[in-house]
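Asks: Here is my input, please return the structure:
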Amino acid sequence: MCHESSWWRRRYEEREASRELWDEFEQTRPLGDTDGANEETEVTLEHPEPRPVAADR
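Replies: Numbering: from 1, shown residues only. Next up is the predicted model:
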């Protein structure tokens with residue numbers, strides 16, 4: 001009987017986790033639906049400053 005109640009509890013928790021995941025999925029939208037789809041974004045990479053090397057001392 002105790003085993004049965006733990007099985008029901010685990011099943012309930014898995015169902016709730018699945019429902020939360022599905023709700024989160026439904027709130028997302030495809031990448032093509034972004035508001036600024038026609039705008040091009042510019043990406044700039046940072047260049048690290050050169051560090052002194054021990055051999056240069």
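Asks: quick one: residue 13 from residue 31, how far?
Replies: Residue 13 sits 32 Å away from residue 31 when distances are taken as Cβ to Cβ, to the nearest Å. C-beta here means a position set from N, CA and C on the backbone, and glycine is covered the same way.
Asks: now do residue 9
Replies: Using Cβ to Cβ, we find residue 9 at a distance of 38 Å from residue 31.
Asks: which one of the two has more residues nearby?
Replies: Of the pair residue 9 and residue 31, residue 9 is the one with more neighbours under other Cβ atoms under 10 Å, namely 10 against 7.
Asks: Sticking with that one, tell me its helix or strand.
Replies: helix 2-27 (DSSP states H and E).
Asks: starting at the chain centroid, how far to that helix?
Replies: On the basis of Cα atoms, centre = their mean, to the nearest Å, helix 2-27 sits 20 Å off its chain's mean C-alpha point.
Asks: Rounded mean pLDDT for stretch 28-38, please.
Replies: Model confidence over stretch 28-38, given as mean pLDDT, is 68.
Asks: and stretch 12-31, C-alpha only, in PDB?
Replies: Output for stretch 12-31, consisting of C-alpha atoms alone and laid out as PDB, is shown next (Å, rounded to 0.1, in the frame of the first residue of the first chain):
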ATOM      1  CA  TYR A  12       1.600  13.200 -10.200                       C
ATOM      2  CA  GLU A  13       5.000  15.000  -9.900                       C
ATOM      3  CA  GLU A  14       6.100  13.800 -13.400                       C
ATOM      4  CA  ARG A  15       2.800  14.900 -14.900                       C
ATOM      5  CA  GLU A  16       3.100  18.400 -13.300                       C
ATOM      6  CA  ALA A  17       6.700  18.700 -14.500                       C
ATOM      7  CA  SER A  18       5.600  17.800 -18.000                       C
ATOM      8  CA  ARG A  19       2.700  20.300 -17.900                       C
ATOM      9  CA  GLU A  20       5.100  23.100 -16.800                       C
ATOM     10  CA  LEU A  21       7.500  22.200 -19.600                       C
ATOM     11  CA  TRP A  22       4.700  22.200 -22.100                       C
ATOM     12  CA  ASP A  23       3.400  25.500 -20.800                       C
ATOM     13  CA  GLU A  24       6.800  27.000 -21.200                       C
ATOM     14  CA  PHE A  25       7.100  25.600 -24.700                       C
ATOM     15  CA  GLU A  26       3.800  27.100 -25.700                       C
ATOM     16  CA  GLN A  27       4.900  30.600 -24.500                       C
ATOM     17  CA  THR A  28       7.900  30.600 -26.900                       C
ATOM     18  CA  ARG A  29       7.800  31.600 -30.500                       C
ATOM     19  CA  PRO A  30       9.900  30.600 -33.500                       C
ATOM     20  CA  LEU A  31      13.000  32.600 -34.300                       C
END
